[in-house]
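Asks: Sequence and predicted model, in that order:
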There are 2 protein chains.
Amino acid sequence: MGASTSLDESAPIDPRSSLEGTTTDPVGSSAQRERRQRILDATIALATEGGFDAVQMRAVAERADVALGTLYRYFPSKIHLLVSALGREFDRAQVAWASRTIPGGTPADRVVHVLRRTSRGLGDRHLTEALTRAFMFADSSAQVEIEKVGIALTKMLTHAMYPDQRDVTDDDMTVARVIGDVWLSALVAWVTGRSSDEETARHMDRAVRMILR
Amino acid sequence: MGASTSLDESAPIDPRSSLEGTTTDPVGSSAQRERRQRILDATIALATEGGFDAVQMRAVAERADVALGTLYRYFPSKIHLLVSALGREFDRAQVAWASRTIPGGTPADRVVHVLRRTSRGLGDRHLTEALTRAFMFADSSAQVEIEKVGIALTKMLTHAMYPDQRDVTDDDMTVARVIGDVWLSALVAWVTGRSSDEETARHMDRAVRMILR
DNA sequence: GACAGAAGTGAAACGTGTTCCTATTATGTC
DNA sequence: GACATAATAGGAACACGTTTCACTTCTGTC
């Protein structure tokens, strides 16, 4: 009944895909790539409309026009699905930033700018809520997808800190990760309604300027 | 069918309880207080044994020797239940630290010490996983319980930074919150198996010394 | 002690994530 | 083009959080 190869757990799609090319993964038949994109599109659409709870597996399958079993073949759980969607969005954002000059005279200014834009780019609160919750809830079975998100985020942050392609030191990585940590916590507080827009923005601003002082 | 007063959403037990006295809340009959403690004990026990997934509402009810409906009367959801349990643990920890001299010659040393001990004090990975996940997943309906956790954590951290009862400035609060943010993210990475014990400890150590530099 | 209302019990039922199974359709090989 | 194999469809079934409800037990008041 089950599949035969060792890649079963990560769907028939090669996990390394979107770290290299975002839209044209050389993996699977073209029908499979399209199906995968349709599923992710449906996920983002449902998440945007109603957040985490609205991303119901049956609804995703129906909107993507695949059977429920097929959905589970591509993404072994709702968490994998949402984290993969988050990964695709981050990937796109990171690629977009890489080829752009980030405004701001100091690393802190630029980092704050990128974080604000990325928050906004994630869409409304619903979408952010769905993706953030999935990320925080994911266990090690979604490690590959999680790491992709982390790598994209770190790239964005280090690029914002030092736009010239200077070597990234160990310390820089720690800084980037700490900022990412604070940002995630702030997002969680925001999407769960514990912190207002203003409070969140102010906290991030302070935190970044403190860390990058 | 529902209750009549405005306190319905937070169970028949007064929410302000454990911010003042941890074990002898002057709220509800003694039978109610005992039931509440039994429920929280059962929650901690199950979480310790098998983590978030093992804390099943039917299992908690059975072990605490209450009906499922009663459990839901005390805690309106699994998230409330776990966050309340986390709050009780943090409350106890914070009270314990308050009356103790924290070893370490610098604020960073003392903060690192407190965080390590608290992580360990949370028990094994299973318990930490259950409580951390609940905390990250909680929405604003559990705001009261969440704030209790945040206050206890902030108290612990500011006390570790400045053991002498000096005034806590706005900056100090930001520092404490940033450290708390990083700690939570690190815990999430740890309990989800994305980061080893050593990596987690090292990251926290670096982050704290960077923030408190 | 009788009574009213609150609290607790026990069990059924519902929703959604997840699994499983059989029939059908694509895909690639000869 | 026929066949072997994998992929998909379609749908039933299961697990656990949550709700609901009729009934019983407790608690405080007269």
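Replies: Okay, I see it.

Asks: mind checking the SS state of A:Ile151?
Replies: helix (DSSP: H, G, I helix; E, B strand; the rest coil).

Asks: touching chain B at all, the helix ranked longest in chain A?
Replies: Residue-count comparison of every helix in chain A, with assignments taken from DSSP state H, identifies helix A:30-54 as the longest. No - using Cβ under 8 Å from any Cβ of the partner chain as the criterion, no contacts between helix A:30-54 and chain B are found, and the smallest distance is 9.3 Å. For the C-beta atoms, the positions are set from N, CA and C on the backbone; glycine is no exception.

Asks: Show me which residues of the helix or strand following that helix are buried.
Replies: The helix or strand immediately downstream of helix A:30-54 is helix A:57-64, counting by DSSP states H and E. By neighbour count, with 16 or more other Cβ atoms under 10 Å in any protein chain shown as the criterion, the buried positions of helix A:57-64 are A:59-61, A:64.

Asks: elements contacting helix A:57-64?
Replies: helix A:30-54, helix A:68-74, helix A:78-98 (3 or more Cβ pairs under 8 Å, 6 or more residues apart in numbering or on different chains; DSSP states H and E).

Asks: Which stretch among those helices is buried most, on average?
Replies: Scoring the helices and strands packed on helix A:57-64 by mean neighbour count under mean count of other Cβ atoms under 10 Å in any protein chain shown gives helix A:78-98 as the most buried, with a mean of 21.

Asks: quick one on the thing from earlier: give me the angle between the longest helix of chain A and helix A:78-98.
Replies: Direction vectors for helix A:30-54 and helix A:78-98, defined by axes from the mean of the first three to the mean of the last three Cα atoms, to 10 degrees, enclose an angle of 110 degrees.

Asks: And the residue nearest the centre of chain A?
Replies: For chain A, the residue sitting closest to the mean C-alpha position, by Cα atoms, centre = their mean, is A:Leu86 at 3.0 Å.

Asks: can you list the helices and strands packed on helix A:57-64 in JSON lines and add distance to A:Val168 and mean pLDDT?
Replies: Supplementary listing: the helices and strands packed on helix A:57-64 in JSON lines, determined by distance: least, Cβ to Cβ, whole Å; pLDDT from 0 to 100:
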{"stretch": "helix A:30-54", "distance to A:Val168": "30", "mean pLDDT": "94"}
{"stretch": "helix A:68-74", "distance to A:Val168": "34", "mean pLDDT": "97"}
{"stretch": "helix A:78-98", "distance to A:Val168": "14", "mean pLDDT": "92"}
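
Asks: nearest to B:Phe90, of these?
Replies: With Cβ to Cβ, the closest approach to B:Phe90 among the helices and strands packed on helix A:57-64 belongs to helix A:30-54: 25.9 Å.

Asks: contacts for the closest one?
Replies: The list of residues contacting helix A:30-54 from outside it, by Cβ atoms under 8 Å, 6 or more residues apart in numbering or on different chains, reads A:12-13, A:23-25, A:27-28, A:55-56, A:59-60, A:63-66, A:70-71, A:74-75, A:81-82, A:84-85, A:88-89, A:123-127, A:129-131, A:133-134.

Asks: and DNA strand C, which of those reach it?
Replies: Filtering the contacts of helix A:30-54 for proximity to DNA strand C by Cβ under 7 Å from any atom of the strand leaves A:55-56.

Asks: re earlier: so the longest helix of chain A, near DNA strand D or not?
Replies: Yes - in this structure, helix A:30-54 sits against DNA strand D according to Cβ under 7 Å from any atom of the strand; the contacting residues are A:31-32, A:35.

Asks: Which members of the residues you listed additionally contact DNA strand C?
Replies: With the criterion set as Cβ under 7 Å from any atom of the strand, the members of the residues of helix A:30-54 next to DNA strand D near DNA strand C are A:Ala31.

Asks: nearest to DNA strand C, of the residues of helix A:30-54 next to DNA strand D?
Replies: Closest to DNA strand C out of those is A:Ala31 (4.3 Å), distances taken as Cβ to the nearest atom of the strand.

Asks: neighbours of the nearest residue to A:Thr48 once chain neighbours are set aside, just the number please.
Replies: Taking Cβ to Cβ, 6 or more residues apart in numbering or on different chains as the measure, A:Thr48 lies nearest to A:Leu127, with 4.6 Å between them; neighbours along the chain are not counted. By the criterion of other Cβ atoms under 10 Å in any protein chain shown, A:Leu127 has 26 neighbours.

Asks: which non-adjacent residue is nearest A:Ser195?
Replies: That would be A:Ala189: by Cβ to Cβ, 6+ apart, it lies 3.9 Å from A:Ser195.

Asks: Can you classify that neighbour by secondary structure?
Replies: State at A:Ala189, reduced to three classes by three-state DSSP: helix.

Asks: got any ranges where chain A has weak pLDDT?
Replies: A:1-28, A:165 (pLDDT under 70).

Asks: nearest residue to A:Asp172 other than its sequence neighbours?
Replies: A:Asp172's closest residue in space is A:Thr158 (Cβ to Cβ, 6+ apart), at 5.8 Å.
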